[in-house]
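[1] Here is my input; please provide its structure:
(one chain, ligands or ions: 1)
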Amino acid sequence: MVKVLHLSDIHLGSGFSHGKVDPETGLNTRFLDFIGTLRRCIDRALDEPVDLVLFGGDAFPDATPPPYIAEAFAVEFHRLAEANIPTVLLVGNHDRYSLADGSASLGIYRTLAVPNFIVGDRLDLHSIPTRHGPIQVITLPWLTSSTLLTRPESQGLSIAEINQLLAERLRIALEGEIRKRDRNCPTILLGHLMSDKAKFGAERLLAVSKGFTIPLSLLVRQEFDYVALGHVHKHQNLNPSNDPPVVYPGSIERVDFSEEKEDKGYVLAEVEVGSCHWEFCPLPVRPFLTVSVDVSQAEDPQEMLLKTLGKKDLGDRVVRLRYKLRADQLDRINTSELRKALKPAHSATIQPELISQLSRPRIPSLSGRAIDPLDALHAYLDNREDLRDIREDLVKAAEHLLHEDELPLFRD
Ligand SMILES: [Mn+2]
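    Coordinates of the predicted model:
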């Protein structure tokens, strides 16, 4: 039985807008949050200790992180190399450098020949010796259509047809890797991908290049004992019957507000031929909180906002205050007072939203009933003395527009 720690979507260096400058280090507090959380994951791998660490891809927001961020990531993973724990770093869509084909931010770990480290930047089967016997990992990095299809092959095809062709190509390529495997040794598929059955998270908005959706049927195969995924930030098991488990551990920290209500964590799995026991291990990450208030009907909108904030536990949270108000209430809002009320929060943004004024028509005679467009035009023109000279022309043009199927202008 091989013990595996599976984590994914670290995105170290993102979400800085939700942090502030830490006075002691000069670094963004969200960077410190993320690195602290990554450290907890590595601590757990060392404490167990596990036999293998699988990283499901998306190390940074993009393939060219600033040196201090790349170094902080390396410092944590170096601890695994030092402890002789084999580690597979899979290349996600955010790790690929768009200008040089095939290069990725994680490639440096192969170049430097970090002991026991494997960089998964292509579909490949790796046989990995561990303290509890050998295990096989098939790496399936983020694929784009150009990886599997040439341009002439995809020309003239619809997106659905291309998707189908890609899935077929991948099925064949995957089959090739599966046949290479040793049946007496547990096998894991490690993939950075969007499955057709996955529930979306923030990655939908973060994606830099569009890939394709992989049918779950390609992943649920008896030959795999565990399917370790990355890409979707919301933790989920796509195959509840667990034959095999097909698991997104999700991101380790909240990247943005779309992850406000999601638990964050990693997965510990015990894998052997024909069986896998796994558990999701939650991480104590910084909470996010959205406070939504509609003050458009309030007599005193400012007081209502302060009262609502007073009832909330804002302490050390990343908070956003969203409120709806009417345009004529704007000067009754004192933003600096709101900021003061938001002080206990770790960071806070205020997002006022003006409600539609359509319910307050500027021409009273037009309110409250469904009106004929020509009646509306007449009512409008009644109020526009300045248009009197061209009134008849306007009405005529409108009648023409309404009753003709096509304007003469566009004939031919
Ligand atoms: Mn991704």
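[2] Helix or strand: which one has residue 338?
    Following DSSP states H and E, one finds residue 338 within helix 335-341.
[3] Starting from the helix or strand just after that helix, tell me which strands it pairs with and how they run.
    Counting by DSSP H and E, the next helix or strand C-terminal to helix 335-341 is strand 347-354. Sheet partners assigned to strand 347-354 using DSSP bridges are listed as strand 318-325 (parallel).
[4] Now find how far off-centre the partner strand is within its chain.
    22 Å (Cα atoms, centre = their mean, to the nearest Å).
[5] Export that strand to PDB, keeping only CA atoms.
    This file holds the C-alpha atoms of strand 318-325, laid out as PDB (Å, rounded to 0.1, in the frame of the first residue of the first chain):
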ATOM      1  CA  VAL A 318     -11.500  39.200   3.300                       C
ATOM      2  CA  VAL A 319     -14.800  41.200   3.100                       C
ATOM      3  CA  ARG A 320     -16.800  42.700   0.300                       C
ATOM      4  CA  LEU A 321     -19.700  45.000   1.100                       C
ATOM      5  CA  ARG A 322     -22.200  45.100  -1.800                       C
ATOM      6  CA  TYR A 323     -25.200  47.400  -1.500                       C
ATOM      7  CA  LYS A 324     -28.000  48.500  -3.800                       C
ATOM      8  CA  LEU A 325     -29.200  52.000  -3.700                       C
END
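[6] buried residues in the helix holding residue 338?
    In terms of neighbour count (16 or more other Cβ atoms under 10 Å), helix 335-341 has its buried residues at 338, 341. C-beta coordinates here come from the backbone N, C-alpha and C atoms, glycine included.
[7] Going along the chain, name the strands of the stretch 201-350 of the chain.
    Using DSSP state E, counting those that start in this stretch, the strands found in the stretch 201-350 of the chain span residues 213-214, 226-230, 236-237, 246-248, 265-272, 275-282, 288-294, 318-325, 347-354.
[8] Which of the ones you listed sits closest to residue 125?
    strand 226-230 (14.4 Å; Cβ to Cβ).
[9] Now tell me what touches the closest one from outside.
    4, 6, 8-9, 54-58, 90, 92, 186, 188-193, 195, 219-220, 238-239, 244-249, 267, 269, 271, 276, 278 (Cβ atoms under 8 Å, 6 or more residues apart in numbering).
[10] ok, now with 6 Å
    6, 8-9, 54, 56-57, 92, 188-192, 219, 244-246, 248, 269, 271, 276 (Cβ atoms under 6 Å, 6 or more residues apart in numbering).
[11] for the chain, where's the lowest mean pLDDT among helices and strands?
    Ranked by mean pLDDT, DSSP states H and E, the weakest helix or strand in the chain is helix 203-206, scoring a mean of 54.
[12] Low-confidence ranges, this protein, go.
    Along the chain, the parts satisfying pLDDT under 70 run over 99-102, 201-211, 357-370, 404-412.
[13] go again using 80 as the cut-off
    97-103, 144-154, 158-160, 199-212, 356-371, 402-412 (pLDDT under 80).
[14] Which residue would be the closest one in the stretch 151-300 of the chain to the ion?
    Residue of the stretch 151-300 of the chain nearest the ion, by Cβ to the ion: residue 231 (3.9 Å).
[15] Test my guess that that residue contacts residue 195.
    No. With contact defined as Cβ atoms under 6 Å, residue 231 does not reach residue 195; the gap is 8.7 Å.
[16] Those two: who's more crowded?
    residue 231 (28 against 24; other Cβ atoms under 10 Å).
[17] Excluding chain neighbours, give the residue nearest to the more buried one in space.
    Excluding the flanking residues, the one nearest residue 231 by Cβ to Cβ, 6 or more residues apart in numbering is residue 192, at 5.1 Å.
[18] quick one: the one you found and residue 140 touch, right?
    No. Between residue 192 and residue 140 no contact is recorded; they are 7.1 Å apart, counting by Cβ under 6 Å.
[19] Please report how far residue 373 lies from the ion.
    Residue 373 sits 49 Å away from the ion, going by Cβ to the ion, to the nearest Å.
[20] What about that residue, how many residues nearby?
    Quick note: residue 373 (other Cβ under 10 Å) scores 11 neighbours.
[21] need the contact list for the residue nearest to residue 323 when sequence neighbours are not counted.
    Excluding the flanking residues, the one nearest residue 323 by Cβ to Cβ, 6+ apart is residue 293, at 4.5 Å. Shown in contact with residue 293 (Cβ under 6 Å, 6+ apart): 305, 308, 323.
[22] Could you do residue 277 as well?
    residue 270 are the contacts of residue 277 under Cβ under 6 Å, 6+ apart.
[23] residues from the stretch 101-250 of the chain in reach of the ion?
    residue 231 (Cβ under 5 Å from the ion).
[24] the longest helix in the protein is where?
    Longest helix of the chain, by residue count under DSSP state H: helix 159-180.
[25] What ranges does the stretch 1-150 of the chain have for its helices?
    For the stretch 1-150 of the chain, the helices defined by DSSP state H, counting those that start in this stretch occupy 29-47, 67-82, 108-111, 145-148.
[26] out of those, deepest packed?
    Counting by mean count of other Cβ atoms under 10 Å, helix 29-47 has the highest mean neighbour count of the helices of the stretch 1-150 of the chain, with a mean of 19.
[27] quick one, it and strand 347-354 angle?
    Counting by axes from the mean of the first three to the mean of the last three Cα atoms, to 10 degrees, helix 29-47 lies at 130 degrees to strand 347-354.
[28] From the contact counts, what lies against helix 29-47?
    Applying 3 or more Cβ pairs under 6 Å, 6 or more residues apart in numbering; DSSP states H and E, we find helix 29-47 packed against helix 67-82.
[29] No further questions, thank you.
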